[in-house]
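# here is my input; please provide its structure:
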Amino acid sequence: MSATRPALAEASSGQPRAQGAVTLAVARRGAATRLVGLRQEGALKLLFPQPRPGPMQAVLLNTSGGLTGGDRMRVSAEVGPGAALTLTTQAAERAYRAAEGVARSEVQVRMGAGAKLHWLPQETILFEGAALERRLILEMEEGAEALIAEPVIFGRREMGEALARATFRDAWDVRLCGRLVFADALRFGPDAAATLASPALGAGAGAMASLLLVAPHAEGKLAPLREALGPRGGASLVREGVLFARLLAEDGFRLRHHLEPALALLAGAALPKVWRL
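Below you'll find the model as predicted:
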């Protein structure tokens, strides 16, 4: 596997827009995972907390302060054979009102044989009028394991905010040894209020999280995960070794009440420290 430099897409507007890209590569050296390649461009930066036992941790920081129409962000990572990496974010991402255009964010990760990845960003908060498209592409080799989580908040209810109009698209594509093992495409808007109010869709939820575990032991996590998610969550074994779950909640606080223990269960370890700051 070899890292490639991501090309920053041109913004769709003549107005100044934020662009950022990071490319990193990690490899196993003895019993530890080491950084072997790093490139940072524009508004995206990576921070590396003090080493501790377990996977290497990398924390993403968007220095632009949020996303709006025309912004472009891309993360590209290579996790070498047997290496272990946890990727998270320093704080919640914010998608603000888009006067024109759409903000786009892409995460692409390649994993070698026996590699482990935890992609655990903190919440994305959608503000009124936001327009955001995200894409996650994960390519795994034999024996690789991945835990993916994406929490989203539909306006900050505790701040008196209501999400009436917004556009949100989120697509996941996961391949194991070149074979598609999981795909999910979520889309709503511009009438976000109608979608979130529908009993068959949002059921009045103010927050949501999607979770995916690709690992040989996934089936054994199904029953305890359903218990951890509570009555507003659901989990299914999509196929052998692939477990998917979705959780709805009234707001971000109640989402975390169930999400944090669910993630700790699936990860088999405590969440990154930035989640608890």
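# only C-alpha atoms for contact and neighbour calcs from this point on.
Will do.
# what sits against Gly189?
The contact partners of Gly189, by C-alpha atoms under 8 Å, 6 or more residues apart in numbering, come to 165-168, 195.
# one more time with 7 Å, if that's ok
Shown in contact with Gly189 (C-alpha atoms under 7 Å, 6 or more residues apart in numbering): 165-168.
# longest helix anywhere in this structure?
What stands out as the longest helix in the chain, according to DSSP state H, is helix 252-267.
# run through the neighbouring helices and strands of that helix.
For helix 252-267, the packing partners by 3 or more C-alpha pairs under 7 Å, 6 or more residues apart in numbering; DSSP states H and E come out as helix 222-229.
# report the rounded mean pLDDT for the helix it packs on.
Mean pLDDT, helix 222-229: 97.
# next SSE downstream of that helix?
strand 233-239 (DSSP states H and E).
# what sits up against the helix or strand of the chain with the lowest mean pLDDT?
Within the chain, confidence by mean pLDDT, DSSP states H and E is lowest for helix 192-197 among all helices and strands, at a mean of 89. Outside helix 192-197, the residues that touch it by C-alpha under 7 Å, 6+ apart are 163-167, 188, 201-205.
# may I see the buried residues of that helix?
By 16 or more other C-alpha atoms under 10 Å, the buried positions in helix 192-197 come out as 192-196.
# picking that back up, tabulate the contacts of Gly189 (TSV), appending secondary structure, neighbour count and distance to Arg156.
As requested, the contacts of Gly189 are exported to TSV (DSSP: H, G, I helix; E, B strand; the rest coil; neighbours: other C-alpha atoms under 10 Å; distance: C-alpha to C-alpha, whole Å):
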residue	secondary structure	neighbour count	distance to Arg156
Arg165	coil	18	14
Ala166	coil	23	14
Thr167	strand	19	16
Phe168	strand	19	16
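# so which of these is the closest to Arg97?
Of all the contacts of Gly189, the one with the least separation from Arg97 (C-alpha to C-alpha) is Ala166, at 8.2 Å.
# how close does the closest one get to Val102?
From Ala166 over to Val102 the distance is 11 Å, taken as C-alpha to C-alpha, to the nearest Å.
# same question for Ala131.
5 Å.
# which one's more surrounded, those two?
Neighbours were counted for Ala131 and for Val102 using other C-alpha atoms under 10 Å; Ala131 has more, 28 against 23.
# so what's the closest residue to the more buried one other than its chain neighbours up against?
Spatial nearest neighbour of Ala131, chain neighbours left out: Thr167 (4.6 Å); criterion: C-alpha to C-alpha, 6 or more residues apart in numbering. With contacts taken as C-alpha under 7 Å, 6+ apart, Thr167 has the following neighbours: 130-132, 188-190, 192.
# so which of those residues are in strands?
The strands, defined by DSSP state E, take in 131-132, 188 from the contacts of Thr167.
# dump those residues to a markdown table, plus distance to Val109.
Below are those laid out as a markdown table (distance: C-alpha to C-alpha, whole Å):
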| residue | distance to Val109 |
| --- | --- |
| Ala131 | 24 |
| Leu132 | 20 |
| Phe188 | 26 |
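# of these, which is the nearest to Ala98?
Ala131 (6.0 Å).
# quick one: the closest one and Gly70 touch, right?
No. The pair Ala131 / Gly70 is not scored as a contact, 9.4 Å apart, by C-alpha atoms under 7 Å.
# pull up the overlap in contacts between these two.
Shared contacts of Ala131 and Gly70, defined by C-alpha under 7 Å, 6+ apart, are found at 102-103.
# contact partners for the residue nearest the centre of the chain?
Centroid-nearest residue in the chain, with C-alpha atoms, centre = their mean: Glu150, separated by 4.0 Å. Glu150 makes contacts with 120-121, 123, 209-211, as judged by C-alpha under 7 Å, 6+ apart.
# so what sits against both of Ala131 and Val102?
Gly69.
# what strand or helix carries the residue nearest to the centre of the chain?
Counting by DSSP H and E, Glu150 is part of strand 145-154.
# hey, what's the residue nearest to the centre of the chain bridged with?
Under DSSP bridges, the beta-bridge partners of Glu150 are Ser210.
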